[in-house]
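# the amino acid sequence is not available; the structure is as follows:
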Ligand SMILES: [Zn+2]
């Protein structure tokens, strides 16, 4: 089934994956990442084996520049960090362009420069001449080339430009190539092209310049994956996109599907060995971090991608369902789901528990495995998700296995919110907890209910467990859980905490947002104490 890529021996088998979730992805409606989100996402993408991570546009906002500064302390094992910018201003010089200074000072090894390749945009958007645009491309690339390991030129609107004025579009990519660009990336910026036009455009660029080519597609015609795969088969060696296809309008190309198709259908080498099986986990991690719901029908990694409605006898299910699956779900880290099956969910639990310290893998204990599975399924039914709450999952497994005694027990709490007229509300929380045979009863004010509860719990516990002082909350996310008919809406709260060494996530679910928050908070503190 996995023959060599079409096109024969002259085409490379290694395709470099260039992720722009942190830059183009954040152009998507409702998508925003905090600085810490971006740092963790970058590490996660690196672990997956992504080759390039475009972190932002240092010249466009100080937050992106701070991200690059912060990343200088993060040791990426595999990926190269890329900083984005546009070509220098018309009529200026790259050497004294503020965007260039910001880009160079970001300290990333790769610069990605977007420039016009459609004459209409040169005159209408940039309000300059066709010749000056060519000079802007050449000057910018030539200025950056000696300062960077690699300089990528993103030819914006390349396919539309080629249709409008072929010679000019090719002159633009030639200007970049002649100035020393290490790769020219052909962009379908409006996402309006069909695969045949993409294929022909790649052929035209290959004939015009000797430089390595990349492809950057948007999904406005729902063809971004088809277009990207076509471009690779025609000789592009890099594909730019975002995890889950988040991005402006209808999104960028979904790298998850591109990676899976290239690797499994065409036999290309894409991620580091073994990483393909972590694709589902990676996709869900990005959804959780972006505070978005998973798309259940997402190809390859969606929860429904390999779900089968039952109606068959258990012993025949595995063989019969496989005949309705185009790939083995495990190859991308997903799993087959058969309704009312005792087997569903085991593989993900095994994967999640295999790394837990001091725990016998439950695979060797079928009774324990069934118990954990039952508990997880019950909780997921109630609205829990453990993808971004590994600390809660760890505690759950230990508790179910009888390997964990909580260090404290929450007995009661009360939160009081008071306001008068237009005054800001004052919040006060009281908690009662038991530690051994001591009962602690403490009160704290806070900026809001979660902050007040956190304060009251700390007052109760910190005198006994001093390491809680090193722990702090870094993120708090709340989401309404899809309510089933006839039930009240529940909320899921995910809290992220950190100390000097680690970052961990915990989850709580309830119809009451304060109760959900407290569950996540208590898990977070229990985990901090367990780690110690
Ligand atoms: Zn784009």
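That came through fine. On a predicted model such as this, the values are computed, not experimentally measured, just so you know.
# ok, residue 444 - how many residues close by?
Residue 444 sits with 19 neighbouring residues when counted by other Cβ atoms under 10 Å. Backbone N, C-alpha and C define where each C-beta goes, glycine included.
# nearest residue to it in space, ignoring adjacent ones along the chain?
Leaving aside its sequence neighbours, residue 444 sits nearest to residue 455 (Cβ to Cβ, 6 or more residues apart in numbering; 3.2 Å).
# ok, and for the helix or strand harbouring that neighbour, which residues are buried?
Here residue 455, judged by DSSP states H and E, is contained in helix 449-461. Burial within helix 449-461, assessed by neighbour count using 16 or more other Cβ atoms under 10 Å, is assigned to 449, 450, 451, 452, 453, 454, 455, 456, 457, 458, 460, 461.
# how much space separates the first one from residue 478?
So the one you mean is residue 449. Distance of residue 449 to residue 478, given as Cβ to Cβ, to the nearest Å: 12 Å.
# and if you look at the last one?
As judged by Cβ to Cβ, residue 461 and residue 478 stand 24 Å apart.
# helices or strands up against the longest helix seen in the chain?
With secondary structure taken from DSSP state H, the chain has its longest helix at helix 513-531. In terms of contacts (3 or more Cβ pairs under 8 Å, 6 or more residues apart in numbering; DSSP states H and E), helix 513-531 is packed against helix 390-400, strand 409-418, helix 449-461, strand 472-481, strand 490-498, strand 503-510.
# between strand 503-510 and the first one, find me the angle.
Spelled out, it's helix 390-400. 70 degrees (axes from the mean of the first three to the mean of the last three Cα atoms, to 10 degrees).
# enumerate the positions of helix 390-400 that are buried.
Going by neighbour count (16+ other Cβ under 10 Å), the buried part of helix 390-400 is 390, 391, 392, 393, 394, 395, 396, 397, 398, 400.
# for those residues, which one is nearest residue 139?
The closest of the buried residues of helix 390-400 to residue 139 turns out to be residue 390 (Cβ to Cβ; 48.4 Å).
# residue 470: which of the buried residues of helix 449-461 is nearest?
Out of the buried residues of helix 449-461, the member with the shortest distance to residue 470 (by Cβ to Cβ) is residue 458, at 11.5 Å.
# separation between the closest residue to that closest one other than its chain neighbours and residue 208?
Computed as Cβ to Cβ, 6+ apart, the closest residue to residue 458 that is not its neighbour in sequence is residue 468, at 6.1 Å. For residue 468, the distance to residue 208 (Cβ to Cβ) stands at 63 Å.
# cool, residue 224 as well?
Residue 224 is 24 Å from residue 208, where distance means Cβ to Cβ.
# bridged to the nearest residue to residue 452 once chain neighbours are set aside, which residues?
With sequence-adjacent residues excluded and distances taken as Cβ to Cβ, 6+ apart, residue 452 is closest to residue 446, at 2.9 Å. Note on residue 446: beta-bridge partners by DSSP bridges are residue 427.
# how many neighbours does residue 446 have?
17.
# cool, and residue 305?
For residue 305, the neighbour count with other Cβ under 10 Å is 22.
# what's the answer for residue 323, then?
Residue 323 has 6 neighbours, counted by other Cβ under 10 Å.
# can you check what pLDDT the model gives it?
Residue 323 carries a pLDDT value of 79.
# same check, this time on the one 10 residues further on
As predicted, residue 333 sits at a pLDDT of 93.
# excluding its backbone neighbours, what's nearest it?
Once flanking residues are discounted, residue 333 sits nearest to residue 280: 3.8 Å by Cβ to Cβ, 6+ apart.
# so what does the helix or strand encompassing that neighbour touch, helix or strand wise?
Assigned by DSSP H and E, residue 280 belongs to helix 279-289. Under the contact criterion of 3+ Cβ pairs under 8 Å, 6+ apart, helix 279-289 touches helix 35-48, helix 255-260.
# got the buried residues for the longest one?
The one in question is helix 35-48. Counting neighbours by 16+ other Cβ under 10 Å, helix 35-48 gives 36-48 as buried.
# farthest-apart pair in these, please.
36 and 48 (18.8 Å).
# quick revisit: which of the buried residues of helix 449-461 sits closest to residue 54?
For the buried residues of helix 449-461, the nearest to residue 54 is residue 450 (33.8 Å; Cβ to Cβ).
# quick one, what contacts that closest one?
Applying Cβ atoms under 8 Å, 6 or more residues apart in numbering to residue 450 gives the contacts 473, 476, 514, 517, 521.
# what's the spacing between residue 182 and residue 13?
Taken as Cβ to Cβ, the span from residue 182 to residue 13 is 20 Å.
# now residue 304
When distance is defined by Cβ to Cβ, residue 304 is 32 Å away from residue 13.
# okay, the buried residues of helix 449-461 in a markdown table with distance to residue 412 and pLDDT next?
Formatted as a markdown table, these follow (distance: Cβ to Cβ, whole Å; pLDDT from 0 to 100):
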| residue | distance to residue 412 | pLDDT |
| --- | --- | --- |
| 449 | 15 | 94 |
| 450 | 17 | 94 |
| 451 | 19 | 94 |
| 452 | 15 | 96 |
| 453 | 12 | 96 |
| 454 | 17 | 96 |
| 455 | 16 | 97 |
| 456 | 11 | 97 |
| 457 | 12 | 97 |
| 458 | 17 | 97 |
| 460 | 12 | 96 |
| 461 | 15 | 97 |
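# so which of the residues you listed would you say is closest to residue 320?
residue 450 (48.5 Å).
# my read: residue 500 touches residue 470, true?
Yes - counting by Cβ atoms under 8 Å, residue 470 is a contact partner of residue 500 at 6.2 Å.
# overlap in contacts of those two?
By Cβ under 8 Å, 6+ apart, no residue touches both residue 500 and residue 470.
# name the residue in the two with the higher neighbour count.
Applying other Cβ under 10 Å to residue 500 and residue 470 shows that residue 470 carries more neighbours, namely 12 against 6.
# now do the contacts for that one.
Counting by Cβ under 8 Å, 6+ apart, residue 470 touches 499, 500.
# what distance do you get for it to residue 463?
Taking Cβ to Cβ, one finds residue 470 at 15 Å from residue 463.
# next one: residue 86
Residue 86 sits at a distance of 56 Å from residue 463 (criterion: Cβ to Cβ).
# and the two? which has more neighbours close in?
Shown here are residue 86 and residue 463; by other Cβ under 10 Å, residue 86 has more neighbours (20 against 12).
# hmm, residue 115 and that one touching each other?
Yes - look at residue 86 against residue 115 with Cβ under 8 Å: they come within range, at 6.8 Å.
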